[in-house]
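Student: dropping a prediction and its sequence here:
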Amino acid sequence: MIEFTSAPSDAPPIISPITGDAWELVVGLEVHCELATATKLFCSCPNQFGDEPNTNVCPVCLGLPGSLPVLNRQVATFAMTLGRALHCSVEPSVFARKNYFYPDMPKDYQVTQFDQPTNVDGFIDLPDGLRVGIERAHIEEDTGKNSHLTNAVGGGGGRIHNADYSLIDYNRAGVPLVEIVGRPDIHTSDQAKAYVDELRSILLATGVSDAKMEEGSMRADANVSVRRVGDATLGRRCEVKNVNSLRSLGRAIDHEALRQIDLLENDEVVMQETRHWDEENGRTRSGRSKEDADDYRYFQEPDLVPLVPTAAEIAAIDAALPLLPAARRQRLAEAAGVTPDAVALHVAKGLDDLAHAAIGSGADADRVLTHVEHNLPADGAEQLDPQHLAALVTLEFEGKLTATQAKTVLAEMVGTGDDPEAIAQRLGFEAMDTGALETVVDSVIAASPDEWAEFVSLDPADKRTKKLTGFFTGAIMKATQGKADGRIVNTILTERRNAAS
Amino acid sequence: MSAPTGDRPATAAAIAAAVRAGETTAAEVLETHLARIDEREGEIHAFNLVLADEAREAAAAIDRRVAAGEDVGPLAGVPIALKDNLTTRGIPTTCSSKILEGWCPPYDATVVERVAAAGAISVGKTNLDEFAMGSSTENSAFGPTRNPRDTSRVPGGSSGGSAAAVAAGFSPISLGSDTGGSIRQPAALCGVVGVKPTYGLVSRYGLIAFASSLDQIGPFAATVEDAAILLDVIAGHDPRDSTSIPEAIAPVRSVLGDGVEGLRIGLVTELMGEGIAPDVAARVQAAAEALEAAGAEVGEATVPAVTYGLSAYYLIAPAEASSNLSRYDGVRYGLRVDAATTGEMMTATRTAGFGNEVKRRIMLGTYALSAGYYDAYYGKALKVRTLIARDFAAAYEQFDLLLSPTSPTTAFELGAKTADPLTMYLNDICTIPTNLVGHAAMSVPFGVGDDGLPVGVQVLAPALGEPTMFRAAAVLEEAAR
């Protein structure tokens, strides 16, 4: 499906472990995601995962003779919403039949879209700045699910060729999917993972899919090829399937790239084929060859009418779109004066609104970003009052709370919703005055004369200096039960050393 | 057609009126028809299944409701026969194919629901060419149906059983399906009225698909009025069929007496020459004169592209069929022939389950859609379809209705055309163009040919032109009397 052209990339090449030659990886991803509609694509059966097999079925999704499909309007809306979120043009579209025999397909054809898909020509911007083109995002129906079983004791088997019998669950048959066909603009496995992760964020942000790779509601297939750096023509590609997590996706692509490089460096050819990722053995194995693949005999589905959205419908979809991850990163990055990549995690955790508002209230951006990224618990953080967070950072900045105290107060804020000043008071967190702290510092120095002598004798650039600074700071913090301000401790230590040397 | 016995009502209109008025009972009407079935069905073989017990229960229910003072609908107590490619809940539906052996649909077709709701009594499932592929009802896995007018002759097809049921008086009305002439041609050969409605006027939900973009359900009846009553019952939007037309048309029964005064009616010259038997052409000419005598302006119409209709049809219909019939794979329902692997099981099942004509069309259609051939065959056929539509549109600028033979000949003998599929296909040369453009057309009996067998005249109308079409049909029926 992918038109395989790809511009040379800036990404680092793969260096062959055998020859040391530089190779370029080219990846295009096809992602299927199940839409989170209440009912199926062409009937009113529940669209639900995990129910008793063959309970969410009817004459339509079982493809019984005489039954006819009727398009679920919610599917059309979700598909177009996703299209707009991917910056696609939403076009008048038609459904087509893809004909092939397979027992998990009730009609032995799949209703999909072929030459006139709903969404075309979009893109996804990744946090690191890479823009990956989207060729199309079209609507299609899911198939049922086969289980291949053996009569042997405990016999799962799982593979069709050694199965004694197969069972089919049609609950998934007719579940609405959107297939997002990306352009081959990806050149590292990390970019591939980032792309899928970003797509997942968009699916979640728009609410059109729950995007769970483990449950199969989001499935990524990778078209992988390699070429020598500088080559203009693309290598022959393999489609890697059966990848069930982001980690597997990265491993599968890296493995497949090395397999192809190895073949080419040994003057062998890469067969254009489907390969299945074998998670257990960490390798891809050959599926069916594309050369003798089925001829799908696509033609327009005569039982359905074209899907022709009006300009008003598209405008309504645009108006209802939430702020999407890329725009969220851009917004927070601008407010904080950092790169979008630096706030990717904040956005991924859904805490960018909090950070943005706290920074907007005048709190120090670095401290806000650090707290949000590292010091907030997973649960309840999104309920934190941004004004409270801003107040906390200000207290810290004014030296009224140490970094350690601030963390404790923050945790308490999430639990109670109280303002930081009240919490600090309750916990007895008042920063020590400098005179009291100097007394503590001097007693710690007196307790460790050997270490102090070494500290004083060292050049400040010596790496031992850092270690000993840590040693004294740790001891002082222990003695003050964390109430000391680290920056002031450092200042006193430096003063004492300068005086001694 | 069996003459009405005594003063018993014979038409659907008369039966429904009598049942509603309490002058007769649905049970009594049913027994009369079951007796006729008993008498002649062995010879005719119109039915794959006679539903005597179910029909008696349904008739009793109607009679109870009439007794309770309910209005049971425009088809109150009227026996009806259903082509066996319409799904009936809990009742075997075979498409006259071995591949659906033992299958009972869990749901009724929309039309089956509608005729029941109108008070009709289903008396049986009628024989057809397997999956509606044929023009003689000889391609049935359960043996051929014979023409009640002359049992050495075919009844036409594919809805031969439904046409024969009406012609034999087994039921005053029946339902068929028409993909390329499968209602109109058997109606002509059996001497009854048969209607192919505008595509989308009647829901296809529950019609087992042959070629989805061409299939349409329609009525058979002994009279134009009965056909109108049945069409009014089954027409109308159905949300379960995406291709169902949202708009309603005026009830056709209400316009039957409006006459043809001032209507412009064109004889299609391309369908009056080569390949049309002279005695059939003569009857069509006579029909044109009858319409003219009734006040219509009759002229010669030209629809040049119809001559390519047959070729386009035999690419489009098999292409869609090859896909529609894929689901009969032995996995979920119907016949299964066991084999070592799933793929081999599918092959063995389909090899044993489908007859030769079905296999021929599946292969034709598969080929027409294949990579490298699509543009030359299926793609080109779609273009021809557009051309035919364009030519019809031009003709309908000059005429309100068109006229042609329904079938090139009267009923032929069993076995006469089975050896050569192409000769058989030519039977539908006059009817196919209507399906390709989604228009309406109907066949009305208009006398007999040299062999004494019925000749049907085809009245063609643009999309949703049924009311005008029925006005002309009523005039022809009157003139033929």
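Tutor: Arrived safely.
Student: give me the pLDDT value at residue 291.
Tutor: Went with chain A since none was named. For residue A:291, the model assigns a pLDDT of 47.
Student: meant chain B, my bad for not saying
Tutor: Confidence at residue B:291, expressed as pLDDT, is 98.
Student: in a strand, residue A:138, correct?
Tutor: Yes - counting by DSSP: H, G, I helix; E, B strand; the rest coil, residue A:138 is part of a strand.
Student: got a list of what it touches?
Tutor: A:79, A:93, A:112-113, A:117-119, A:178-179, A:181 (Cβ atoms under 8 Å, 6 or more residues apart in numbering or on different chains). The way it works is simple: take the backbone N, C-alpha and C, and place the C-beta from them, glycine included.
Student: give me that answer again for 7 Å
Tutor: Contact partners of residue A:138, counting by Cβ atoms under 7 Å, 6 or more residues apart in numbering or on different chains, are A:112-113, A:117-119, A:178-179.
Student: now residue A:196: which helix or strand?
Tutor: Using DSSP states H and E, the element containing residue A:196 is helix A:189-206.
Student: so how far is that helix off the chain centroid?
Tutor: Distance, stretch centre to chain centre, for helix A:189-206: 4 Å (Cα atoms, centre = their mean, to the nearest Å).
Student: that helix: what's the following helix or strand?
Tutor: strand A:218-228.
Student: flag every buried residue along that following strand.
Tutor: A:218-227 (16 or more other Cβ atoms under 10 Å in any protein chain shown).
Student: on contacts alone, who are the packing partners of it?
Tutor: If you count contacts as 3 or more Cβ pairs under 7 Å, 6 or more residues apart in numbering or on different chains; DSSP states H and E, strand A:218-228 packs onto strand A:22-34, helix A:189-206, strand A:238-243, helix A:246-265.
Student: rewinding a little: got the buried residues of strand A:218-228 as CSV, with pLDDT columns?
Tutor: Formatted as CSV, the buried residues of strand A:218-228 follow (pLDDT from 0 to 100):
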residue, pLDDT
A:218, 94
A:219, 94
A:220, 95
A:221, 96
A:222, 97
A:223, 97
A:224, 97
A:225, 96
A:226, 96
A:227, 94
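Student: turn these into CSV, columns for distance to residue A:495.
Tutor: Shown next, in CSV, are the buried residues of strand A:218-228 (distance: Cβ to Cβ, whole Å):
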residue, distance to residue A:495
A:218, 58
A:219, 62
A:220, 58
A:221, 64
A:222, 59
A:223, 64
A:224, 60
A:225, 63
A:226, 60
A:227, 62
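Student: tell me the pLDDT at the residue of chain B most remote from its centre?
Tutor: Most distant from the centre of chain B: residue B:340, at 41.3 Å, with distances by Cα atoms, centre = their mean. Note for residue B:340: predicted pLDDT of 90.
Student: what does residue A:9 give?
Tutor: 73.
Student: for it, list the residues it contacts.
Tutor: Applying Cβ under 7 Å, 6+ apart, the residues contacting residue A:9 are A:24, A:187.
Student: that one in helix, strand or coil?
Tutor: Relying on three-state DSSP, one would call residue A:9 coil.
Student: residue numbers of chain A in contact with chain B?
Tutor: Taking Cβ under 7 Å from any Cβ of the partner chain as the contact definition, chain A meets chain B at A:59, A:62-66, A:68-71, A:97, A:99, A:101, A:103, A:106-109, A:295, A:297, A:299, A:302-305.
Student: circling back: what packs against the helix holding residue A:196?
Tutor: So helix A:189-206, by 3+ Cβ pairs under 7 Å, 6+ apart, packs with strand A:22-34, helix A:73-85, strand A:119-125, strand A:218-228, helix A:246-265, helix A:325-336.
Student: which parts of that helix are buried?
Tutor: Buried, per 16+ other Cβ under 10 Å, within helix A:189-206: A:189, A:191-203, A:205-206.
Student: stretch B:304-315 too?
Tutor: For stretch B:304-315, by 16+ other Cβ under 10 Å, it's B:305-306, B:308-310, B:312-315.
Student: contacts for it next, please.
Tutor: B:180, B:270-271, B:364, B:368, B:377-378, B:381, B:384-385, B:387-388, B:391, B:425, B:429, B:432-433, B:436.
Student: contact partners for the residue lying closest to residue A:16 once chain neighbours are set aside?
Tutor: Distances taken as Cβ to Cβ, 6 or more residues apart in numbering or on different chains place residue A:261 nearest to residue A:16, at 5.4 Å, with adjacent residues excluded. Residues counted as contacts of residue A:261 (Cβ under 7 Å, 6+ apart) are A:14, A:16, A:23, A:226.
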